[in-house]
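1. got a sequence here, can you model it:
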Amino acid sequence: MATIKRIGRPPVYTDYVDLQKRVDEYFDACAEKDEFPDEKGMYLHLRCFKEDLEAKCEEGQPDCNEFRRILKEAQYMRESWLARHMVQDNKRANGCMNALKQEQNGAWIDRPAANKTQSVKIELPNGMSWEAFK
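-> Take a look at the predicted model:
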């Protein structure tokens, strides 16, 4: 019986060290041009799809924790870039804040969620009652 070879793309970044090197190259290139290191641009630079790397992060995959760490660090670096530029340059503030609200850039919120309730517990000293406040 003949063995069938798998046809299709070879696995992307089987070694997390190679991935780290390419991610660092991307962020360095963006820093040289003072460009925002966006997520899609990173995946284009890496020449792979987001889903391919997310599959490498699934539990049970070799080095899944290292792949997760690299992608999370890239997210933090994008978030940091936006936050710093937001406060350093007033002209960029609104654009940076809008980008920070996107999930891939930190998912910031500028007001509390409407469905969250807050409560305050006031404990009165012994012998005091609410009557004292009327």
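2. the helix or strand bottoming out on mean pLDDT in the chain: how far from the chain's middle?
-> For the chain, counting by mean pLDDT, DSSP states H and E, helix 93-100 ranks last in confidence among helices and strands (a mean of 73). Taking CA atoms, centre = their mean, to the nearest Å, one finds the center of helix 93-100 at 15 Å from the center of the full chain.
3. and that helix, what other elements does it pack with?
-> Contact here means 3 or more CB pairs under 8 Å, 6 or more residues apart in numbering; DSSP states H and E; on that basis helix 93-100 packs against helix 64-88. In this view, the C-beta of every residue, glycine as well, is placed from N, C-alpha and C.
4. can you state the direction angle for the helix it packs on and helix 93-100?
-> Put simply, helix 64-88 runs at 160 degrees to helix 93-100, going by axes from the mean of the first three to the mean of the last three CA atoms, to 10 degrees.
5. helix 64-88: which residues count as buried?
-> 66-68, 70-71, 74-75, 77-79, 81-83, 85-86 (16 or more other CB atoms under 10 Å).
6. among the residues you listed, which pair sits farthest apart?
-> By the measure CB to CB, 66 and 86 form the most distant pair in the buried residues of helix 64-88, at 30.5 Å.
7. which parts of the protein are helices?
-> Residue ranges of the helices in the chain, as given by DSSP state H, are 16-33, 39-46, 50-56, 64-88, 93-100.
8. tell me which of the ones you listed lies nearest to residue 108.
-> Proximity to residue 108, assessed across the helices of the chain by CB to CB, is greatest for helix 93-100 (4.2 Å).
9. give the buried residues for that closest one.
-> Neighbour-count burial for helix 93-100 flags 96, 99, 100 (criterion: 16+ other CB under 10 Å).
10. could the residues you listed go into JSON lines alongside distance to residue 119?
-> Supplementary listing: these in JSON lines, determined by distance: CB to CB, whole Å:
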{"residue": "96", "distance to residue 119": "34"}
{"residue": "99", "distance to residue 119": "34"}
{"residue": "100", "distance to residue 119": "29"}
